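*Asks:* Here is a sequence with its predicted model. Questions after.
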Amino acid sequence: MMDTTPLRDAYRALLDAAATVADADADADAGAGAEADADADADAGSVPPAGEWDADQILAHVTLVNAATLAAVALVAAGSSATYDNRVALDPWTLARTIARAGGSAGLRDRVRHQADALCALAGPALGEAELDTQVPTLLLSNGELLVDRPMPLRDLVTGLAEAELPGHTAQLLALLPRSRREPDCSMMN
């Protein structure tokens, strides 16, 4: 049995970051009629740098990665062969369609929350060690670069979410916040 506490914690952090970004967007929309500050552009939030994803695209990507992971876990639990390929979760058209089908930010956050519950329930007590050790042919890309093209144990796909994928997207979401809403970097205060 796998301890899914780190995975739950990673999902909680991601969802907290997504809610914080959504709140910042709502605050910015509410103040849109107010007089602009001289450095408003420097403090603008939720607008990603060129070539980066916005908050909805990040969440859509996470929902697609979650769905692929859930599919792999369910297939292994059913005694079937599974593969894992994240390319569809990188496709701009698929991201836009996922955002529309989820109904936007709130729907995406709900979808992530429910997928997290399902994945933690299925990957935790429902799978034994032999199933978690099942080798899954895996193809992982990021920013157009090949990261993995080899079989991986199913457990590594799940722990990879908790240790790398979700924390990386949590940081990506928080980077969308206006500087005034980000936590201070204590290393810069000395």
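*Replies:* It's in. Numbers count the residues shown, from 1 in each chain.

*Asks:* so where's the longest helix in the protein?
*Replies:* The helix that spans the most residues within the chain, counting by DSSP state H, is helix 5-30.

*Asks:* quick one: it to chain centroid distance?
*Replies:* 11 Å (C-alpha atoms, centre = their mean, to the nearest Å).

*Asks:* now for it, which elements pack on it?
*Replies:* helix 55-77, helix 105-123, helix 154-160, helix 166-174 (3 or more C-beta pairs under 8 Å, 6 or more residues apart in numbering; DSSP states H and E). (Each C-beta comes from the backbone N, C-alpha and C, glycine too.)

*Asks:* To Trp93, which of those lies closest?
*Replies:* Among the helices and strands packed on helix 5-30, the nearest to Trp93 by C-beta to C-beta is helix 55-77 (11.0 Å).

*Asks:* Partner strands of the next helix-or-strand element following the closest one and their direction?
*Replies:* Later in the chain than helix 55-77, the nearest helix or strand by DSSP states H and E is strand 84-85. Applying DSSP bridges, strand 84-85 is found paired with strand 135-142 (parallel).

*Asks:* Then Met152 would be within a strand, right?
*Replies:* Yes - under DSSP: H, G, I helix; E, B strand; the rest coil, Met152 falls within a strand.

*Asks:* who's in contact with the residue nearest to the spatial centre of the chain?
*Replies:* Geometric centre of the chain, nearest residue: Val62, 3.5 Å, by C-alpha atoms, centre = their mean. Counting by C-beta atoms under 8 Å, 6 or more residues apart in numbering, Val62 touches Leu14, Val112, Glu165, Leu166, His169.

*Asks:* Distance of the fourth one relative to Asp16?
*Replies:* To tie it back to what came earlier, the one meant is Leu166. Using C-beta to C-beta, to the nearest Å, Leu166 is found at 12 Å from Asp16.

*Asks:* Comparing these two, which shows the higher neighbour count?
*Replies:* Per other C-beta atoms under 10 Å, whichever of Leu166 and Asp16 has more neighbours is Leu166, with 26 against 13.

*Asks:* nearest residue to the more buried one other than its sequence neighbours?
*Replies:* Ala10 (3.8 Å; C-beta to C-beta, 6 or more residues apart in numbering).
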